[in-house]
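# With the sequence up front, the predicted model follows.
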Amino acid sequence: MYRIATTLFETRVIPDALYQQGVRVLRERGVVDWIGVLGYYTLVARTLNTFKIGRPEAIQADLIGTR
């Protein structure tokens, strides 16, 4: 499903052959759900970037191993 994600983000379309490969692996409902997840990720990421919302300080400290 990595190829579906990267292809969609890079070209904004999924070729028929790649879509059919995804259907064989995830079934059609799974592909629809996966595209939905990718769309939601994009919505959240762009919203956070637009409003310059970073990580809370407590999370940043945990990620770098300091408190």
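Yes, it's here.
# So in the protein, which helix runs the longest?
Using DSSP state H to define each element, the chain has its longest helix at helix 16-50.
# Could you list every helix and strand in contact with that one?
Contacts defined by 3 or more C-beta pairs under 8 Å, 6 or more residues apart in numbering; DSSP states H and E place helix 16-50 against helix 2-11. Bear in mind the C-beta positions are built from the backbone N, C-alpha and C, glycine included.
# what angle sits between the helix it packs on and helix 16-50?
Orientation check (axes from the mean of the first three to the mean of the last three C-alpha atoms, to 10 degrees): helix 2-11 against helix 16-50 gives 60 degrees.
# For helix 2-11, could you pull out the residues that count as buried?
For helix 2-11, burial by neighbour count (16 or more other C-beta atoms under 10 Å) applies to Ile4, Leu8.
# same thing with stretch 23-33?
Counting neighbours by 16+ other C-beta under 10 Å, stretch 23-33 gives Val31 as buried.
# List of residues touching it?
Met1, Ile4, Tyr19, Gly22, Trp34 (C-beta atoms under 8 Å, 6 or more residues apart in numbering).
# switch to 10 Å and redo it
Residues outside stretch 23-33 that contact it (C-beta atoms under 10 Å, 6 or more residues apart in numbering): Met1, Ile4, Ile14, Leu18, Tyr19, Gln20, Gln21, Gly22, Trp34.
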